[in-house]
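> coords please:
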Amino acid sequence: MNTISPASKPAWLEEAVFYEIYPQSFYDTNGDGIGDIPGIIDKLDYFESLGVSACWLNPCFESPFQDAGYDVSDYYKVAPRYGNNDDLQRLFEEGRKRGIRILLDLVAGHTSVQHPWFKESCKPKRNQYTDYYVWTDAHWKWEIPGYKVISGYSDRDGAYIANFFSFQPALNYGFANPDPAQPWQQPVDAPGPSKVRQELKNIMRYWLEMGASGFRVDMASSLVKGDFGNRQVSQLWREVREWLDAEFPEACLVSEWGVPSDAIPAGFHVDFTIPFGMPGYTALLRKPYGPGPGTDPYGFSFFDQRGHGNIMEFFDQYLYHYRNTVGKGFIAIPTGNHDINPRLSKGRTMDELKLVFLFILTMPGVPFIYYGDEIGMRSFDLPSKEGGYTRTGARTPMQWSGALNAGFSTTAPGRLYLPIDASPDRPTVESQEQDPDSLLQHVRKLVAIRKSHPALQASAPFEVLFAQPGVYPLVFQRSGAEGTFIIAVNPSAQVVQAHLPINARSIPHAVYGPEGVFSNRNELLEIQLPGISGGIYRLP
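Have a look, this model is predicted:
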């Protein structure tokens, strides 16, 4: 079995803070109502002021945009609505000048039906692309358990397997255990899957040589079919990782897998805590809201001022994955992403949001900020746009200022990609930059603290000091050569206290947060936190 050295992780990941950009909603420079790459370049100073060191761009390649760009029709060409390849290369270069690396979104498991590979694959006569996609050997196979079968699309005598929506045919990486009675199920080392695997590396090489710093891989575990236990897809990604380590050792590979204890041994540097892989993430931040315990069958998030959440719904899962990946790769806790609606701000005040950022920016691993969460942007119920469906309301334009369209675009409001928050009190970057106590200013301060202290960064040791089911606060410890830090958060509105298993003759001092929360009783620390409060404290 292939092995990957933990030492091969890019050093820059240690202090990295990522920012996710939905390109069509970030900043429009040409007045067509759609964000573009020149707009991202124009905002590099903003990223620098925020302290982020890497940006992940959702797909910016040519596409018919039936799924917001996750239906790629040309992996080598920037979609004209965003600019061109020269613009993207300039973004790579200008970002590097500011210490900001750019990761692209790699849709590895499928293409659009408009991709030239698929159009050739649809033809009845065999050609070099016939086996680039997963096709059955007869049109009349209407249903196959476990797969989305699309029949009647072309003159080819067969039905294709869709990877997500019907217009996203699955690229053929083979089957882990092909059924001899189904000859259309090709093994992973068959000529077709081997060619597709090489095409994947070709795409990655093209953008890495242009200046990209890596990729977030969409649906990373979906490539090999019938792969129960993910053995073959893990082997595929380990091969990709070994190739990257040899040729592009500073490149970063981030997976949309949602199971870090699987994804990181499979070769990814980073994997996410996201709802479909780790439901504990929902318990942390996004459980449905109700009037009180016992009346809402779904309960409450831990970060909820009513104080009825359960941190162990998150930590029981998180700690399992952490213990199985520590020293090998990183877990990312995102504030949100383009697939998660509602946004982080749903049902929370700015003070509550500050606590969420305190937690995310002091945990081990690599934090990800979804654009606009740093100012508390809201989400909405909106009609579907480009396959967004219920996700659409978390993809609205970034709110920069009090100008027309919140400074996102100069076009008429009716021509915007998506509508702007129409509320008079909508949060903006401009207004929060003028308020020293704003959420934005607190996020900047927390990012700076993280980057200033290696003990708060990705690999520094982590230990839970106080976390109990249904009880507040949460207290944990980070440590390093420079010393030990205690992080405490109390999202509830009640005053809470906890006894900590730390022998200390001296009281920790605040790096961030209220003073006077610690006392020393019989040489053991006790903490008492006001409602909706928290901080970072350094042991003497």
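> looking at this protein, which helix or strand is least sure?
Ranked by mean pLDDT, DSSP states H and E, the weakest helix or strand in the chain is strand 518-521, scoring a mean of 90.
> Against which helices or strands is it packed?
The helices and strands touching strand 518-521, judged by 3 or more CB pairs under 8 Å, 6 or more residues apart in numbering; DSSP states H and E, are strand 524-529. Heads up, the C-betas are built off the backbone N, CA and C, glycines and all.
> buried set for the strand it packs on?
Leu525, Ile527, Leu529 (16 or more other CB atoms under 10 Å).
> Stretch 61-80 now?
Judged by neighbour count using 16+ other CB under 10 Å, the buried positions of stretch 61-80 are 61-73, 75, 78-79.
> same thing with stretch 147-164?
For stretch 147-164, the neighbour count (16+ other CB under 10 Å) marks 147-148, 150, 153-154, 156, 158-164 as buried.
> Now Glu482. Its backbone dihedrals?
Summarising the backbone geometry of Glu482 under the convention degrees, to the nearest 10, its torsions are phi -80, psi -10.
> From Ala16, how far off is the residue lying closest to it once chain neighbours are set aside?
Counting by CB to CB, 6 or more residues apart in numbering, Ala455 is the residue found nearest to Glu482 once chain neighbours are left out, at 5.5 Å. Noted for Ala455: a distance of 16 Å to Ala16, by CB to CB, to the nearest Å.
> what does Ser25 give?
The separation that Ser25 has from Ala16, given CB to CB, amounts to 23 Å.
> just Ser261 next, same as before
Computed with CB to CB, the distance linking Ser261 and Ala16 is 21 Å.
> okay, those two: which has more neighbours?
A count of neighbours by other CB atoms under 10 Å puts Ala16 above the other of Ser261 and Ala16, at 24 against 19.
> would you list every one of the helices in the stretch 201-350 of the chain?
231-247, 260-263, 280-285, 311-325, 350-360 (DSSP state H, counting those that start in this stretch).
> helices and strands around the third one, which ones?
The contact analysis (3+ CB pairs under 8 Å, 6+ apart) places helix 280-285 against helix 311-325.
> Other residues contacting the helix it packs on?
With contacts defined as CB atoms under 8 Å, 6 or more residues apart in numbering, helix 311-325 is touched by 259-261, 264-265, 273, 278-281, 283-284, 302, 331, 364, 462, 464, 467-469, 474.
> Which pLDDT does the model give Asn202?
With respect to pLDDT, Asn202 scores 98.
> Then Lys9?
Confidence score, pLDDT, at Lys9: 87.
> Kindly report the same for Gly290.
Gly290 is assigned 52 on the pLDDT scale.
> thinking again about what came up before, with Arg538 as the reference, measure out to the residue nearest to Glu482.
In this structure, Ala455 lies at 9 Å from Arg538, with CB to CB as the measure.
> Next, show the common contact partners of the two.
Contact criterion CB under 8 Å, 6+ apart; residues shared by Ala455 and Arg538: Gly483, Thr484, Phe485.
> Just the residues you listed: which are in helices?
Among the shared contacts of Ala455 and Arg538, no member is found in helices (DSSP state H).
> Can you check those and name whichever has the most neighbours?
Within those, neighbour counts (other CB under 10 Å) peak at Phe485, which reaches 23 neighbours.
> who's in contact with it?
Under the criterion of CB under 8 Å, 6+ apart, the contact partners of Phe485 comprise Thr362, His453, Ala455, Leu456, Gln477, Arg478, Ser479, Val511, Ile536, Tyr537, Arg538, Leu539.
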